[in-house]
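Q: Build the 3D model from these lines:
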Amino acid sequence: MNIVENFDLFAPRLINHQELFSPGHRACSGCAEVLAVRLMCKALGENTVIASATGCMEIVSSMFPTTAWRVPWIHVAFENAAAVASGVEAGLKALRRKGRIDDRYVKVVGMAGDGGTMDIGFQALSGAMERGHDMIYVCFDNEAYMNTGIQRSSGTPMGASTTTAPAGKVSIGQKTWKKNMPEIMVAHNIPYVATVCPSFPLDFVRKLQKARSIEGPSYIHCFSVCPTGWRSPSHSAISMGRLAVETGVFPLFEVENGHYSMSPDMPRKLRPIRDYFKPQGRFRHLTDEDIDLIQHKVDTEFQKLVEKTKYLKTGNE
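A: Below is the predicted model:
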């Protein structure tokens, strides 16, 4: 029994049983991003239009003359998924107002990887969020430009080895800390920001459905394990996602109208990041000193997040 079938047993009323992202695509074995897209479509349902930037999901899902998409889907350039999604949202609103289309609610979604979101598409995303479009933007973060050869992005974590930031005698690989995109979106004062991981499907679907119900812009940051780029076993995508959460490398939280809350799936005590690094070839070159440095950063950032949730829970806004 796969993870989505198992999910249906526990939450049959919450999820669309139709496969709106169909099997038969060309994704790599063990790709967690495909599972995340499948869950996203199930959570959002049929009344959805998706603008998808160039990237792995576009390549694997749309080999002419076939498509894996069973909702309206638009392939757009690397940098403008958010711009196109905001244009579609405005266009649907105008057509509905003029009586040109059915008066039913359709949610528009922009999606891209970490490169298409944090780097190339950041300007378009910031503009769409600032303008207040009624849309969801989902970043599928596999921490590098995987589709074009595992180049570093601003989502690549400190110490990871990539083709453009390789580890060597004088380098530990990536030399900068991962860009905190969810907090940047919180700073845009949008109604809803959340982090999700397909290893936790109940949390994933709940947050996507909440984003769909909110009028205005929402941002979802999805952790997408890439066995190919991370040099980890193809069968380990779900366990790797769980390790990222359990070590605090990728905490699960949401921010609704400025109010922070931690996911119930977050452990009370974090596991050491060595448990997360060990199965991945991209981190195998790190020394004990390197790992201790990264551990300190993870602990510090996680504590900042905990303090934000405590601050709000005590009513000291």
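Q: Which helix in this protein has the most residues?
A: Counting by DSSP state H, the longest helix found in the chain is helix 288-313.
Q: In terms of secondary structure, what does it contact?
A: Helices and strands touching helix 288-313, by 3 or more C-beta pairs under 8 Å, 6 or more residues apart in numbering; DSSP states H and E, are strand 259-262, helix 273-277. For glycine as for every other residue, the C-beta is placed from the backbone atoms N, C-alpha and C.
Q: most tightly surrounded among those?
A: helix 273-277 (a mean of 19; mean count of other C-beta atoms under 10 Å).
Q: quick one: that one to chain centroid distance?
A: Relative to its chain's centre, helix 273-277 lies at 21 Å (C-alpha atoms, centre = their mean, to the nearest Å).
Q: go on, stretch 216-225?
A: Remark: stretch 216-225 is offset 4 Å from the chain centroid, using C-alpha atoms, centre = their mean.
Q: Model confidence score at the residue nearest to residue 274 when sequence neighbours are not counted, please.
A: Distances taken as C-beta to C-beta, 6 or more residues apart in numbering put residue 291 closest to residue 274, at 6.1 Å, once the chain neighbours are dropped. Note on residue 291: pLDDT of 98.
Q: Among the helices and strands packed on helix 288-313, which comes closest to residue 147?
A: Relative to residue 147, the nearest member of the helices and strands packed on helix 288-313 by C-beta to C-beta is helix 273-277, separated by 23.8 Å.
Q: for the closest one, packing partners?
A: Applying 3+ C-beta pairs under 8 Å, 6+ apart, we find helix 273-277 packed against helix 237-246, helix 288-313.
Q: what about the very next helix or strand once past the first one, distance to the chain center?
A: Spelled out, it's helix 237-246. The helix or strand immediately downstream of helix 237-246 is strand 253-256, counting by DSSP states H and E. Taking C-alpha atoms, centre = their mean, the mean C-alpha location of strand 253-256 is offset from the chain mean by 14 Å.
Q: again with stretch 63-79
A: Distance of stretch 63-79 from the chain centroid (C-alpha atoms, centre = their mean) equals 19 Å.
Q: Could you list the residues in contact with it?
A: Contact with stretch 63-79 is made by 18-26, 41, 44, 46, 48-55, 58, 60-62, 84, 88, 112, 115-116, 120-121, 123-124, as judged by C-beta atoms under 8 Å, 6 or more residues apart in numbering.
Q: List just the one of the helices and strands packed on helix 288-313 that sits closest to residue 165.
A: Across the helices and strands packed on helix 288-313, residue 165 has its closest neighbour in helix 273-277 (16.5 Å, C-beta to C-beta).
Q: which residues are in contact with the closest one?
A: The contact list for helix 273-277, computed with C-beta under 8 Å, 6+ apart, reads 240, 243-244, 246-249, 283, 286, 291, 294-295, 298.
Q: Take that helix, keep the C-alpha atoms, and write them as PDB.
A: C-alpha atoms of helix 273-277 as PDB (Å, rounded to 0.1, in the frame of the first residue of the first chain):
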ATOM      1  CA  ILE A 273      21.800  16.500  11.900                       C
ATOM      2  CA  ARG A 274      24.400  13.700  11.500                       C
ATOM      3  CA  ASP A 275      21.400  11.400  11.200                       C
ATOM      4  CA  TYR A 276      20.100  13.400   8.200                       C
ATOM      5  CA  PHE A 277      23.600  13.900   6.600                       C
END
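Q: Over it, what's the mean pLDDT, rounded is fine.
A: Mean predicted lDDT for helix 273-277 stands at 98.
Q: Stretch 182-197 too?
A: Averaging pLDDT along stretch 182-197 yields 98.
Q: Can you measure across that stretch, start residue to end residue?
A: 14 Å (C-alpha to C-alpha, to the nearest Å).
Q: List the buried residues in that stretch.
A: Neighbour counts over stretch 182-197 (16 or more other C-beta atoms under 10 Å) mark 182, 184-186, 190-197 as buried.
Q: do the same with stretch 130-137
A: Across stretch 130-137, burial judged by 16+ other C-beta under 10 Å covers 133-137.
Q: burial measure for residue 129, as a count.
A: By the criterion of other C-beta atoms under 10 Å, residue 129 has 24 neighbours.
Q: Any buried residues in the helix or strand containing it, and which?
A: Residue 129 belongs to helix 122-131 when assigned by DSSP H and E. Residues of helix 122-131 classed as buried: 122, 124-125, 128-129 (neighbour count, 16+ other C-beta under 10 Å).
Q: Distance from that helix to the middle of the chain?
A: 17 Å.
Q: now, which of the contacts of stretch 63-79 lie within helices?
A: Using DSSP H, the members of the contacts of stretch 63-79 that fall in helices are 41, 44, 58, 60-61, 84, 88, 123-124.
Q: All the strands of the stretch 1-150 of the chain, residue numbers only.
A: Along the stretch 1-150 of the chain, counting by DSSP state E, counting those that start in this stretch, strands occupy 48-53, 73-76, 107-113, 135-141.
Q: Tell me how far residue 161 lies from residue 63.
A: In this view, residue 161 and residue 63 are 31 Å apart by C-beta to C-beta, to the nearest Å.
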